[in-house]
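1. no FASTA, just this:
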């Protein structure tokens, strides 16, 4: 732990002074992050570093496998983070970010590794739909390929889970929220983004339009039946 304390002292003495005005503003005016990012707790995946975000830019929720459990009445850290980000902070974008070489996804190929980790095994049930897709559609791949396919399919599954959360469903219907699915390649530093229109992940290039999973589009499917004029 000594190295972390040394780095903390370095931050306080050399980094913080140059950003003191920013921190003072954040302390006095509160936070207004631009996006919620739900990423894996893997130590190699650091959302703020990947996006080059400054303090106050991102509201971050990290867990094993970048999982978003479907909405239920049971309290949970991820569900609470989503609700707070959308309702209290008013974020306009949510990113689910998976990554290469994901240990949580590898566990599906080696279930015996989870025998002494019952909590992890129970948590990963929220990725079983992705695993089912891979078993049904990617049988020709080797283990490495299946893990990568599972990591990508898992991002799509978790985006679908996000849509079950009342706060998210409401914000989407009002056209106030965009959902994103990202895949970070640790070995290259590249990001692929899920295109909800094509159902494919696409390479992200600087200056090019960003593929999104769910675009903001105000909708009221029952408007005509209730005599409500759509705006």
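-> Arrived safely, thanks for sending. From a predicted model like this one, the values you see are computed outputs, not experimental measurements.

2. Which helix or strand lies directly C-terminal to the one helix or strand residue 122 maps to?
-> In this structure, residue 122 sits in helix 118-123 according to DSSP states H and E. As assigned by DSSP H and E, the chain's next helix or strand after helix 118-123 is helix 128-137.

3. which other residues reach that next one?
-> 108, 146, 149-150, 153-154, 156-157 (CB atoms under 8 Å, 6 or more residues apart in numbering). All C-beta spots, glycine's among them, are computed from the backbone N, C-alpha and C.

4. how does it look with 7 Å?
-> Applying CB atoms under 7 Å, 6 or more residues apart in numbering, the contact partners of helix 128-137 are 108, 146, 149-150, 153-154, 157.

5. Show me which helix runs longest in the protein.
-> helix 143-162 (DSSP state H).

6. what helices or strands is that helix leaning on?
-> Counting by 3 or more CB pairs under 7 Å, 6 or more residues apart in numbering; DSSP states H and E, the packing neighbours recorded for helix 143-162 are strand 93-99, helix 103-106, helix 128-137, strand 178-184.

7. Contacts for it next, please.
-> 65-70, 82, 94, 96, 98-100, 102, 105-106, 108-109, 126-127, 129-131, 133-134, 138, 141, 168, 179, 181, 183, 194, 201, 213.

8. in the sheet, who's paired with the spatially most central residue of the chain?
-> The residue lying closest to the centre of the chain (CA atoms, centre = their mean) is residue 96, at 2.0 Å. Under DSSP bridges, the beta-bridge partners of residue 96 are residue 38, residue 181.

9. Contacts only, for it.
-> Residues near residue 96 by CB under 7 Å, 6+ apart: 38, 66, 68, 155, 158-159, 162, 181.

10. which two from the contacts of helix 128-137 end up farthest apart in space?
-> Greatest spatial distance among the contacts of helix 128-137 (CB to CB): 146 and 157, at 15.3 Å.

11. Neighbour count: the two, which is higher?
-> Legend: neighbour count by other CB atoms under 10 Å for residue 146 and residue 157, higher for residue 157 (23 against 20).
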